[in-house]
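Novice: Got a predicted model here, sequence first, then my questions.
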Amino acid sequence: MILRLSLDLPEDQEFVRTTRLLSRTLLDDLRVIEEDKYDIETIVTELCTNVIRHAKSSEGRYHLAIEYHRDKAVITVEDQGVGFAPDTAPEPGTHRSDTLTGGERIGGFGMPLVKLLSDRVQFALTEPQGMTVMAEKTLRYESRRDRARAGKMDATEGGQINATLK
């Protein structure tokens, strides 16, 4: 593993932009192709926004971890909210209440988008309550040299960044 970014976040939309930017920073340095960087930013944004809209955890916080390996990024979002069964989620394009604005919206596009952009997505119930969603995305590089550099970094112990945003 090259790096593990681990964030404890409030269920607040204001922090989604920050998480999106943080998810991209190492990918820029590794010279991952633009399409993969954008896909990972979008996956992070959608997973975090889903927690903020739907988790309703009593502590109002969730956990985001992004592991960067030479060949893939693994994004994991864990909450202690109400949880859900992925196969019973409302259809995309349906009307629903908007918990962020208090109005209504047409929604349901987030998880299908995450599934489309990811190579693999897994859902698991979190004990004692809540949900964990893990998405993997293969990384492609601008050059063979960049991929080799990432491979060299991946062969080391790697690093870890832990942060709590309030």
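Specialist: Thanks, I have the structure now.

Novice: what residue ranges in this structure score low on pLDDT?
Specialist: Filtered on pLDDT under 70, the chain yields the residue ranges 85.

Novice: Need the nearest residue in space to the residue nearest the centre of it, chain neighbours excluded.
Specialist: Nearest to the geometric centre of the chain sits V44, at 3.0 Å (Cα atoms, centre = their mean). Nearest residue to V44, sequence neighbours excluded (Cβ to Cβ, 6 or more residues apart in numbering): S23, at 4.5 Å. (C-beta placed from N, C-alpha, C; glycine too.)

Novice: Hmm, that neighbour is touching Y38, no?
Specialist: No - look at S23 against Y38 with Cβ atoms under 8 Å: they stay out of range, at 10.6 Å.

Novice: Show me where this protein has its helices.
Specialist: All helices of the chain, identified by DSSP state H, fall at 16-30, 34-54, 110-117, 144-154.

Novice: Of these, which is nearest Q160?
Specialist: Closest approach to Q160 among the helices of the chain is made by helix 16-30 (12.3 Å; Cβ to Cβ).

Novice: Spatially, what comes nearest to R149 if we skip its sequence neighbours?
Specialist: Sequence neighbours aside, L30 is the residue nearest to R149 in space, at 7.3 Å (criterion: Cβ to Cβ, 6+ apart).

Novice: And that neighbour, how close does it get to A155?
Specialist: 14 Å (Cβ to Cβ, to the nearest Å).

Novice: And these two? Which one has more around it.
Specialist: L30 (21 against 11; other Cβ atoms under 10 Å).

Novice: give the contact list for that one.
Specialist: Residues in contact with L30, defined by Cβ atoms under 8 Å, 6 or more residues apart in numbering, are I2, Y68, L139, Y141, D146, R149, A150, M153.

Novice: rewinding a little: contacts only, for the residue nearest to V44.
Specialist: Contacts of S23 by Cβ under 8 Å, 6+ apart are L5, I40, E41, V44, I66, I75.

Novice: Now with 10 Å, please.
Specialist: By Cβ atoms under 10 Å, 6 or more residues apart in numbering, the residues touching S23 are 5, 7, 37, 40-45, 48, 64, 66, 68, 73, 75.

Novice: and the gap between the residue of the chain most remote from its centre and G158?
Specialist: Centroid-distance maximum for the chain: R145 at 27.4 Å, with Cα atoms, centre = their mean. Separation of R145 from G158 (Cβ to Cβ): 20 Å.
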